[in-house]
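Visitor: Kindly return the folded structure for what I paste below:
(one chain, ligands or ions: 2)
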Amino acid sequence: MNLREKISTVFQKRFNESPAFIVRAPGRVNLIGEHTDYNDGFALPMTINRSVWIALRPRNDKKVSLRSLNLPNSAEFSLNKIAHGKNWDEYPRGVAWALQRADYPLQGWEGILASDIPVGAGLSSSAALELAIARAFWAVNRWDWNPTKMALLAQKTENDWMGLETGIMDQMVSANGKKESALLIDCRSLDFNLLPLPKQITVAILDTATRRGLVDSAYNERVTQCQKASNFFGVDALRDISPEKFKKQAKKLDPLIRRRAKHVITENVRTLQAAEAMRAGDANKLGQLIKESHLSLRDDYEVSSKELNTMVEIANTQTGCLGARMTGGGFGGCAVALVKNSATPSFSTEVAAIYQKKTGLKAQIYLCHPTNGAELVDEKAEG
Ligand code: ADP
Ligand code: MG
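Guide: Numbers count the residues shown, from 1 in each chain. Ligands and ions are numbered 1, 2, ... in the order given. You can find the predicted model right below:
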């Protein structure tokens, strides 16, 4: 049974009718452009065929009631006065709060949620959750759905409601994604371009079976270090510094901050080159840039981990792999690899077997393809 059928069945049992709406929003994998979004830079993620699904029906009052089939504790709250929650219900509360603050009038609803995006693995289960909830509110209350506006509100949920200094990439791609395409995002203007994936390759997600743990502080520390670097250069964000300017002026910069800045500045260049490579259908070049991105994240930005490095090294030595790197915030979670279609079956089994031998851990390998961004997938006919 797929997730859509599962939530419908559970919904039917609980509410004695079929859901009025089914909405979904996808997770994402970032191909390249890591830790660039909060520096006003470029990122090149794609949505994946793993999503948060919600089956729901409107309520006549101001209550929201949502059960997740993945995590304990339901989200139960009133839209009249939204208070903070204690667990994952912070997300629905925060999205409702952000929508209300932006003057969207909200009526309540109730439903069932399920997701096949692993949590905290760097595939952005949180942005998918936020966008699915925004779509649920939209389904019940109807307004002009503007994906980028919704992405910004979802980001505000994390920034202003939960106090996490996360960038805009995750929400942008979960809201604006399209089948068969990756998204080159300009995280300053929020313009984006849809780029087709090279036909001869498959995107493989390599889950190290390690999770990043409590590293919100390490993430916020990177954000602060980047701000220090942009202050040094006298610009708004590291996006404004070219590699040439960096080379000329960075000598006086504190060595640690210099390495952090170097990653962001070179990663922006790599990301634009990767977009060019995709436009030209040059999968080899794309793979090469992905490999370089990993080294930069490992050595200059220092957000990789032993297991991520092991996974990437294993992947990169397989025939048919054009390039692999850690993906997402880092410190655990997933790597991403570009693999020639013809090599994918042996790639998956080989990588998992060698990884287990080296680390004792059981990796999950997901071969994935891009899907549409947050959408209404089903609506019950009236009457
Ligand atoms: P990720 O890298 O997956 O986005 P985050 O820490 O940003 O990791 O977000 C994970 C959080 O999102 C979980 O701790 C939980 O609060 C919430 N979440 C994700 N998936 C679900 C789900 N299926 N049901 C309930 N909450 C979820
Ligand atoms: Mg997240």
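Visitor: ok and the residue in the stretch 201-350 of the chain nearest ligand 1?
Guide: Nearest to ligand 1 in the stretch 201-350 of the chain, going by CB to the nearest ligand atom, is Gly328, at a distance of 6.1 Å. Where C-beta positions appear, they are placed from N, C-alpha and C, glycine not excepted.
Visitor: That residue - that's part of a strand, no?
Guide: No - read with DSSP: H, G, I helix; E, B strand; the rest coil, Gly328 is coil and lies in no strand.
Visitor: does it really touch Asn30, like I thought?
Guide: Yes - at 6.4 Å, Gly328 counts as touching Asn30 under the criterion of CB atoms under 8 Å.
Visitor: residues from this protein in reach of ligand 1?
Guide: Neighbours of ligand 1 within the chain, by CB under 6 Å from any ligand atom: 68, 70-71, 88, 91, 113, 115, 119-126, 129.
Visitor: Excluding sequence neighbours, find me the nearest residue to the residue in the stretch 151-300 of the chain that ligand 2 sits nearest to.
Guide: Using CB to the ion, Asp170 is the residue of the stretch 151-300 of the chain that sits closest to ligand 2, at 5.9 Å. Using CB to CB, 6 or more residues apart in numbering and skipping residues adjacent in sequence, the residue nearest Asp170 is Ala127, 3.6 Å away.
Visitor: Could you check the helix or strand containing the one you found and say which residues are buried?
Guide: Element membership of Ala127, judged by DSSP states H and E, is helix 125-141. Using 16 or more other CB atoms under 10 Å as the test for burial, helix 125-141 gives 125-140.
Visitor: ok, which of those residues also contact ligand 2?
Guide: Filtering the buried residues of helix 125-141 for proximity to ligand 2 by CB under 5 Å from the ion leaves Ser126.
Visitor: what's the farthest-apart pair in the buried residues of helix 125-141?
Guide: Ser125 and Val140 (22.8 Å; CB to CB).
Visitor: Gln288 belongs to a helix?
Guide: Yes - counting by three-state DSSP, Gln288 is found in a helix.
Visitor: ok, now how distant is the residue lying closest to it once chain neighbours are set aside from Glu180?
Guide: Once flanking residues are discounted, Gln288 sits nearest to Gly323: 6.1 Å by CB to CB, 6+ apart. In this structure, Gly323 and Glu180 are 20 Å apart, going by CB to CB, to the nearest Å.
Visitor: what do you get for Thr349?
Guide: 26 Å.
Visitor: between those two, which one's more packed in?
Guide: Taking neighbours as other CB atoms under 10 Å, Thr349 and Glu180 compare with Glu180 leading, 14 against 11.
Visitor: wait, doesn't that one sit right on His369?
Guide: Yes - using CB under 8 Å, Glu180 is in contact with His369, at 7.2 Å.
Visitor: Next, show the common contact partners of the two.
Guide: Leu197 (CB atoms under 8 Å, 6 or more residues apart in numbering).
Visitor: Give me the contacts around the worst-scoring helix or strand of the chain on mean pLDDT.
Guide: Lowest by mean pLDDT, DSSP states H and E among the helices and strands of the chain is helix 216-233, with a mean of 92. Contact with helix 216-233 is made by 35, 38-39, 164-166, 236-238, 240-241, 245, 249, 252-254, 256-258, 260-261, 264, 301, 303, 329, 331, as judged by CB under 8 Å, 6+ apart.
Visitor: Report the buried residues of the longest strand along the chain.
Guide: Longest among the strand segments of the chain by residue count, using DSSP state E, is strand 42-58. Neighbour counts over strand 42-58 (16+ other CB under 10 Å) mark 42-48, 50-58 as buried.
Visitor: From these, list the ones also adjacent to ligand 2.
Guide: The subset of those within reach of ligand 2, by CB under 5 Å from the ion, is empty.
Visitor: circling back to that earlier point, let me know the closest of the buried residues of helix 125-141 to Leu106.
Guide: Minimum separation from Leu106 among the buried residues of helix 125-141 (CB to CB) is found for Phe137, which lies at 5.8 Å.
Visitor: Report the separation between that closest one and Cys226.
Guide: With distances taken as CB to CB, Phe137 is found 33 Å from Cys226.
Visitor: what does Ile32 give?
Guide: 18 Å.
Visitor: more neighbours, those two?
Guide: Taking neighbours as other CB under 10 Å, Ile32 and Cys226 compare with Ile32 leading, 30 against 24.
Visitor: Good, we can wrap up now.
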